[in-house]
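# The amino acid sequence is not available; the structure is as follows:
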């Protein structure tokens, strides 16, 4: 089963509230086998719209990544991101 990559492009609008999201989301992601590969850091825009914060997490499978997103723990964390950031989040299956 191929790994899956959870990719988020984020513009934070409320640092304190988004910080609480990040504090809670990290353990939820780890509990589902997720491992951060990139979390913020420098971004070089090559094409299209760019958000200042980009996150990539690897999961054992698409199913594990979806289960994480839909879990009560992650949904509780997500309550802090809503209204505190503009985000695009997707899961991409690896090869």
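Yep, that arrived. Predicted, not measured: the structure shown is a model, and the values here were computed from it. Residues are numbered from 1 along each chain as shown.
# Look at residue 19 and say how many residues are nearby.
Residue 19 has 13 neighbours, counted by other CB atoms under 10 Å. Yep, even glycine has a C-beta here, placed from its N, CA and C like the rest.
# in the chain, which spans are helices?
15-31, 62-70, 72-81 (DSSP state H).
# So which of the ones you listed is nearest residue 90?
Closest approach to residue 90 among the helices of the chain is made by helix 62-70 (9.7 Å; CB to CB).
# tell me the angle of the closest one relative to helix 72-81?
Helix 62-70 and helix 72-81 are oriented at 60 degrees to each other (axes from the mean of the first three to the mean of the last three CA atoms, to 10 degrees).
# Let me know the average pLDDT across helix 62-70.
Averaged across helix 62-70, pLDDT comes to 98.
# So which elements touch it?
Counting contacts by 3 or more CB pairs under 8 Å, 6 or more residues apart in numbering; DSSP states H and E, helix 62-70 is packed against strand 4-12, helix 15-31, strand 53-59, strand 85-93.
# tell me the mean pLDDT for the last one?
Looking at strand 85-93 alone, the average pLDDT works out to 97.
# cool, and the shortest one?
Strand 53-59 shows a mean pLDDT of 97 in the predicted model.
# Skipping adjacent residues, who's closest to residue 67 in space?
Excluding the flanking residues, the one nearest residue 67 by CB to CB, 6 or more residues apart in numbering is residue 32, at 5.8 Å.
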